[in-house]
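J.: Structure, please.
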Amino acid sequence: MGYGNYSSQAHEAIVQKRATEPAREVFQQTGCHPLMNPKGLRLRESRDSEEHPNSLGIVFALDVTGSMGSIPKAMATKMLPKFMKILTDCHVKDPQLLFMAVGDATSDEAPLQMGQFESTAQLMDQWLTWSYLEGHGGGNGHESYELALYTLAQHTEMDCWEKRKKKGYVFMTGDELPFPSLSKHVVEGIIGDRLDQDLTVEEIVAELQKTFVPFFVIPDQKRRANCEERWRELLGDHVLCMNNAQDICYVSAGAVCLYEGLVPDIDALGRVFKDMGLEYGDLSSVLRALTPLAEALGRTGGPAMRGTKASESVVGRIVQLFK
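T.: Numbering: from 1, shown residues only. Model prediction:
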């Protein structure tokens with residue numbers, strides 16, 4: 001529901017205690033946690049309160065198949081407080097985070113897990129680390145991303161949308177294709193909803209986009225070829241191709257700030273990251289991932305962009321920041 005206050009100090013303390021622990025110590029679930037089981041799910045709600053009058057729902061839908069486990073671990077042991085700090089520094093007033101874990105409905109024991117929208121460090125961390133990192137996937141080039149998107153479209157309510165017509169954000173990490181359609185039998189078996197017919201992934205995305213701004217985040221350049229083209233067909237410029245899986249929180253927070261207009265351009269965003277202590281190489285990596293989105297939003301900054309390739313422009317603006 002999103003009650004309680006966020007403390008960056010408390011969040012840093014949580015992740016620092018486990019910074020060197022292996023993933024199996026951080027994520028101890030050996031099956032789907034009962035409170036994250038979507039069977040019979042009604043709603044996950046992001047609501048305003050006296051403490052949080054301007055709530056903004058933000059979802060991390062994390063692929064937890066074998067090739068993608070490094071992102072949840074990075075968030076739980078180091079990166080998630082940085083995501084929250086960027087939002088705070090850029091004046092996102094009341095972010096409320098929900099964590100989902102996504103697998104393959106054709107083969108996995110727990111292809112969908114779903115937490116709650118939360119505002120406190122302790123509860124954000126709880127749902128993240130309650131996720132069962134099953135680590136399988138079907139080996140068929142697809143994961144059940146469309147099942148997660150359907151669930152968000154049909155089983156969430158957010159005051160940011162209902163009261164202010166401000167959409168929430170979804171950051172889905174992955175390196176595979178969605179299935180072309182979502183079987184009504186899969187939906188009934190995993191969630192309990194009874195549909196008249198199967199749904200195409202295009203139909204699901206269109207419904208989700210009524211209340212959310214969805215992004216698909218690819219962990220590194222090597223895996224772009226697997227899935228980028230198809231996801232761009234579905235989401236257009238909202239596909240973020242990272243250089244390093246560790247960049248997830250910087251890239252996601254940067255996308256929110258750019259999309260919300262909380263920084264005037266990507267140069268200003270680069271200064272926010274630099275002030276947080278991001279070094280030259282890491283900053284370059286993050287801004288490369290965000291430059292195509294900044295271009296699509298018309299937030300490309302100063303003259304360094306004119307007449308140059310995007311990659312050359314990133315190098316130029318980083319050099320300027322570190323002069």
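
J.: okay, CA-based contacts and neighbour counts for the rest of this
T.: Will do.

J.: Strands of the stretch 101-250 of the chain, residue ranges please.
T.: Taking DSSP state E, counting those that start in this stretch, the strands of the stretch 101-250 of the chain run over residues 112-114, 142-143, 156-158, 168-173, 177-178, 181-182, 199-200, 212-218, 239-241.

J.: State the mean pLDDT of the first one.
T.: It stands for strand 112-114. Mean pLDDT, computed over strand 112-114, is 98.

J.: Tell me where the longest helix sits in this structure.
T.: Secondary structure assigned by DSSP state H gives helix 280-297 as the longest helix of the chain.

J.: who's Val59 bridged to?
T.: Assessed by DSSP bridges, Val59 has beta-bridge partners Leu98, Val170.

J.: and among the strands of the stretch 101-250 of the chain, the most buried is which?
T.: Burial of the strands of the stretch 101-250 of the chain is given as mean neighbour count (mean count of other C-alpha atoms under 10 Å); strand 112-114 ranks first at a mean of 27.

J.: Tell me how far the nearest residue to Pro95 once chain neighbours are set aside lies from Lys274.
T.: Leaving aside its sequence neighbours, Pro95 sits nearest to Leu56 (C-alpha to C-alpha, 6 or more residues apart in numbering; 4.8 Å). For Leu56, the distance to Lys274 equals 25 Å [C-alpha to C-alpha, to the nearest Å].

J.: between these two, who's got more neighbours?
T.: Using other C-alpha atoms under 10 Å as the criterion, Leu56 and Lys274 rank with Leu56 on top: 25 against 17.

J.: Quickly note the distance from the more buried one to Trp161.
T.: To Trp161, Leu56 is 9 Å away according to C-alpha to C-alpha.

J.: Contacts only, for the nearest residue to Leu43 once chain neighbours are set aside.
T.: Nearest residue to Leu43, sequence neighbours excluded (C-alpha to C-alpha, 6+ apart): His155, at 4.7 Å. His155 makes contact with Leu41, Arg42, Leu43, Arg44 under the criterion C-alpha atoms under 8 Å, 6 or more residues apart in numbering.
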